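1. Predicted structure and sequence below. I'll ask about it afterward.
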Amino acid sequence: MRIHVTDILDGDKLSSDVFNDYGLHVLSKGTKLYKSEISRLLQHHIDFVDIEERQLSTPAAHNGRTLESIVNPKWLPNVKPLYESAVKSFETFFSSAEATGKIDTDQVAEAINPLIKNLQLERDVVSMLLLLNSEDNYTYQHSVQVGMLSYYLATWMNYSQEESTRIGKAGFLHDIGKSKISDTILNKPSKLTKEEFDEVKRHAELGYHIILDSFGDESLAIGALQHHERLDGSGYPNGLSGDQIHPISKIIAVVDIYSAMISARVYQKERDLLYVLRELHRLSFSELDPVTTHTFIKHMIPNFIGKRVRLNTDEVGIIVMTHPTEFFRPLIQIEDTFIDLTIERDFEITHVYM
């Protein structure tokens, strides 16, 4: 049974091996097709595949799910309790840091190591964070999300598993200095005064000392100290620029902004996810390290394949393929029509439905 890739249903099984136009083996006969496999086919510019005859009793046939359907993550029952446990643990860590200036290193490992281990099984980071994110406990959730994203970005930048885990840990701990800042200031719904903002900025140095005193590890502490430094020298606390900023801090800086912008907080409405990535792209030409930022965007964009979008014409379609360099101009399917935004320059995506 030969079908177009956009007609694949979750659970369809390949009846033959799939190769791309260069003869590279993409997927094996017998592979069951879900969102990640469909994304892989589209990235290799494969239009048609041969699948085994569908059985009407299969979940995919019964539900009629297609690319447009929302991902049904098999990892959620395992990851969600670990995520919620880590968020709860960070409340304890913040209380300990506030009271004693230190955190228990063994407790930190117990909270984050199982989560990182399970992250290795899931690559649809966009859907994962949306399903896990809530409006409660922003500071603690933000710490956990930055840790998760720091781990992912480190692996995408070809750090070893051991190094990526350490960078993830640095991301988890990056905001621990906020334990020493008043909740009234941190959760203020209106704009901070200059004095209040100066107080918030202290969290970078405070966190550095808490981590160093607790772990004795400069590479963990440097992420807390420098994650608000910017390449053009406009950041804090020391106004560092360029290569003065540690590579770990450059990673945490990117994901810190992403997590903050996708979250619903007391003083801001969560932003459209594609808008957030566009903003990171803009900052990569001034404040953020371009290699780090573009690596993050390049690996996040394919997760939008299968998501519904609204165009500036008010038409609604589905992203079926992303572009390796023009990140924000994918191939869109609207019913039986395909629009390549790299060619049709008058079209723009105005919203992504998640």
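-> Ah, there it is. Numbering: from 1, shown residues only.
2. from here on, contacts and neighbour counts on C-alpha atoms
-> Noted.
3. Packing partners of the longest helix seen in the chain?
-> As assigned by DSSP state H, the longest helix anywhere in the chain is helix 76-100. On a contact count with 3 or more C-alpha pairs under 8 Å, 6 or more residues apart in numbering; DSSP states H and E, helix 76-100 meets helix 105-119, helix 138-156.
4. Run through who's touching the next helix or strand after the last one.
-> Note on helix 138-156: by DSSP states H and E, the next helix or strand toward the C-terminus is helix 161-173. Contacting residues not belonging to helix 161-173 are listed as 112, 116, 143-152, 154-155, 207, 211, 219-221, 223-224, 248, 252 [C-alpha atoms under 8 Å, 6 or more residues apart in numbering].
5. What's the ChimeraX syntax to select whichever of these are buried?
-> ChimeraX command restricting these to the buried ones, with burial defined by 16 or more other C-alpha atoms under 10 Å:
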select :112,116,143,144,145,146,147,148,149,150,151,152,154,155,207,211,219,220,221,223,224,248,252
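6. burial of the residue lying closest to Thr155 once chain neighbours are set aside, as a residue count?
-> Nearest residue to Thr155, sequence neighbours excluded (C-alpha to C-alpha, 6 or more residues apart in numbering): Ser164, at 5.8 Å. Counted by other C-alpha atoms under 10 Å, the residues lying close to Ser164 total 22.
7. Give the phi and psi angles for Phe338, as a check.
-> Phe338 has phi and psi values of phi -110, psi 130 when expressed as degrees, to the nearest 10.
8. so what's it bridging to?
-> Going by DSSP bridges, Phe338 is paired in beta bridges with Gln333.
9. circling back to that earlier point, who wins for proximity to Leu24 among the helices and strands packed on helix 76-100?
-> With distances scored as C-alpha to C-alpha, the stretch of these nearest to Leu24 is helix 138-156 (21.9 Å).
10. what secondary structure does Val26 sit in?
-> Assigned by DSSP: H, G, I helix; E, B strand; the rest coil, the conformation of Val26 is strand.
11. thinking again about what came up before, need the helices and strands packed on helix 76-100 in JSON lines (columns: mean pLDDT and distance to Ile319).
-> Output for the helices and strands packed on helix 76-100, formatted as JSON lines (pLDDT from 0 to 100; distance: least, C-alpha to C-alpha, whole Å):
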{"stretch": "helix 105-119", "mean pLDDT": "90", "distance to Ile319": "25"}
{"stretch": "helix 138-156", "mean pLDDT": "92", "distance to Ile319": "23"}
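12. Same list, these, but as CSV with distance to Leu41 please.
-> CSV is the format used below for these (distance: least, C-alpha to C-alpha, whole Å):
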stretch, distance to Leu41
helix 105-119, 23
helix 138-156, 20
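13. For Lys188, find the nearest of those.
-> Across the helices and strands packed on helix 76-100, Lys188 has its closest neighbour in helix 138-156 (12.6 Å, C-alpha to C-alpha).
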